[in-house]
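**Q** Kindly generate the corresponding structure for this input.
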Amino acid sequence: MPEIAEVARIVHHIKKSLVGKTLSVVKAQDDANVYGKVGTSASEFQKSLTGKKVLDAGQQGKYFWMIMSSPPHPVFHFGMTGWFNIRGEQTAYYRPKETDEEEVWPPKFWKFTLETDSEPKVEAAFTDARRFGRIRLVDCAAEDIRKTTPLKENGPDPVIDRDVLTEEWLLEKMKKRHVPVKAFMLDQANISGIGNWVGDEIMYHAKLHPEQYTDSFSADQVKQLHTSMLFVCQTAVDNLADSSKFPEDWLFKHRWGKGKKDAATTLPNGAKLTFITVGGRTSCVVPSVQKKTGPVAADVNGKVYDEDSDADASKGKKGGRGKGTSSKRKAVSKEDEDEEIDEQAISPVKKKRASASKEAKVEADTDEVVQPKTGRAKKPKIEEEGTSTSLPVSKKASKKIKVEEQAQSGRRRSGRITN
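**A** This next block holds a predicted model:
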């Protein structure tokens, strides 16, 4: 799933290729999920942007937007597999493409395409294979975009809101909560933009365990976490998600081998990598570095951590905190409910029969942001003639059936009855 750095890369490309240009042609395909779930329609989007000039682009965490010459302004969220393509530009980058195949335009799974009146013209498109992305229009002044829903319900951005996301702010916020620290960081109501791989990278550099509860860390540990958070997010954004420029000691460089044959299970220095589930997300941990120094979450074997349950359990107990989920958190939760599926969405959909719950917890095994390939689904296996999937019957009933079969056939089979 695109996180803070990937979104920063897109904002960079929008500023580079679209800002200052007028959109002469806008085409949009209606989608009840991408547009409809946030009260927009393809026709409304197309009408609102056609003929307008793009003045600027902005970002808050996983959200980004374009500032138009007049309201409304489009605000985007990639969800799991959304992406913003600019024809001829390498907008998706974890590693460069190794093929010289001619670019297909419009790209597969496009939701809208844009074309400028400049010479040469610039063409762009928003794509989304799994339709968890969101495209909305906000009718407000440009300077008020961050004051509107859903942005106002989201927490500060670690890169652009450093004046808000201070060490003191983080300490106070963590002491008021009782959740696994990684789940806390991934909650967009707390902090914007941190996703699975960024969260793991932060925890590794801070030398803290992702399962440990937020209110159990010392002031020094919170300081360490704050420093690591700003460092990882700023470095990833500065390099526009170009992993070839990430430091060699980053966990990101070595974590993607899970499930691959002969893949490394250790860091270059010999430290072992392990994978656990925290808050419903697969987490990469280096046990020799990330020690548990306080109480940890008990549900680390696949169960999604439920803040509401924890809050309810604490009600009426001495020293218990939590009065249920705040309205702000509910709004963010509703907006990002589709994000709970793990980052495995970045990789192509595997033609494999599995339950949705198991699929949701598969760790991404690639470090390239690509659009998933689709194809015809495999036909379900049809049982061979003569086989049966009937429920087991009792021994007595089984004997009775065999006797009846013998009587009908007119021939006597072996007198041995198998149970």
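**Q** In contact with F126, which residues?
**A** Taking Cβ atoms under 8 Å, 6 or more residues apart in numbering as the criterion, F126 is in contact with 76, 82-85, 110-112, 133, 135. From N, CA and C alone the C-beta is placed, and that goes for glycine too.
**Q** low-scoring stretches of the stretch 251-400 of the chain, by residue?
**A** Applying pLDDT under 70 to the stretch 251-400 of the chain flags residues 257-264, 298-400.
**Q** So what touches the host helix or strand of G58?
**A** In the assignment (DSSP states H and E), G58 maps to strand 54-60. With Cβ under 8 Å, 6+ apart as the test, strand 54-60 has contacts from 7-8, 11, 14-15, 18-23, 64-69, 142, 145-146, 151, 154, 157, 160, 192-193.
**Q** Quick one: buried ones out of these?
**A** Buried members of the contacts of strand 54-60, counted by 16 or more other Cβ atoms under 10 Å: 7-8, 11, 14, 18, 21, 23, 64-68, 142, 145-146, 151, 154, 157, 160, 192-193.
**Q** taking the residues you listed one by one, which sit in strands?
**A** Filtering the buried ones among the contacts of strand 54-60 for membership in strands, criterion DSSP state E, returns 23, 64-68.
**Q** which pair in these spans the largest distance?
**A** The span of these, defined through Cβ to Cβ, is set by L23 and F64 at 16.7 Å.
**Q** What segments of the stretch 201-350 of the chain are strands?
**A** 274-278, 281-285 (DSSP state E, counting those that start in this stretch).
**Q** ok and the last one relative to strand 274-278, angle-wise?
**A** Counting by axes from the mean of the first three to the mean of the last three Cα atoms, to 10 degrees, strand 281-285 points 140 degrees away from the direction of strand 274-278.
**Q** Neighbouring strands of strand 281-285 in the sheet, and parallel or not?
**A** Its sheet considered, strand 281-285 pairs with strand 274-278 (antiparallel) by DSSP bridges.
**Q** Report the buried residues of the partner strand.
**A** Here strand 274-278 shows 276-278 as buried, counting by 16+ other Cβ under 10 Å.
**Q** same deal with stretch 222-239?
**A** Of all the residues in stretch 222-239, those buried under the rule 16+ other Cβ under 10 Å are 222-226, 228-233, 236-237, 239.
**Q** Just those: which are in helices?
**A** Within the buried residues of stretch 222-239, residues falling in helices by DSSP state H are 222-226, 228-233, 236-237.
**Q** Could you report the neighbour count for L240?
**A** A count of neighbours around L240, defined by other Cβ atoms under 10 Å, yields 17.
**Q** per-residue confidence at it?
**A** L240 is assigned 96 on the pLDDT scale.
**Q** before we move on, what about N33?
**A** 98.
**Q** quick one: contacts for it?
**A** Taking Cβ under 8 Å, 6+ apart, we find N33 in contact with 131-132.
**Q** try G51
**A** Taking Cβ under 8 Å, 6+ apart, one finds 22-24 in contact with G51.
**Q** need the helices for the chain, in chain order.
**A** 4-17, 42-49, 167-175, 181-186, 196-206, 219-238, 307-314, 327-335, 356-359, 395-409.
**Q** Select from those the stretch with the lowest mean pLDDT.
**A** helix 307-314 (a mean of 35).
**Q** My guess is S228 contacts H205. True?
**A** Yes - assessed by Cβ atoms under 8 Å, S228 is found in contact with H205 at 4.0 Å.
**Q** What's the end-to-end length of stretch 187-200?
**A** End-to-end distance for stretch 187-200, by Cα to Cα, to the nearest Å: 14 Å.
**Q** Likewise for stretch 134-146?
**A** 16 Å.
**Q** R134 contacts G39, doesn't it?
**A** No - using Cβ under 8 Å, R134 is not in contact with G39, being 10.2 Å away.
**Q** Of those two, which one has the most company?
**A** Neighbour count, other Cβ under 10 Å: between R134 and G39, R134 has more, with 24 against 9.
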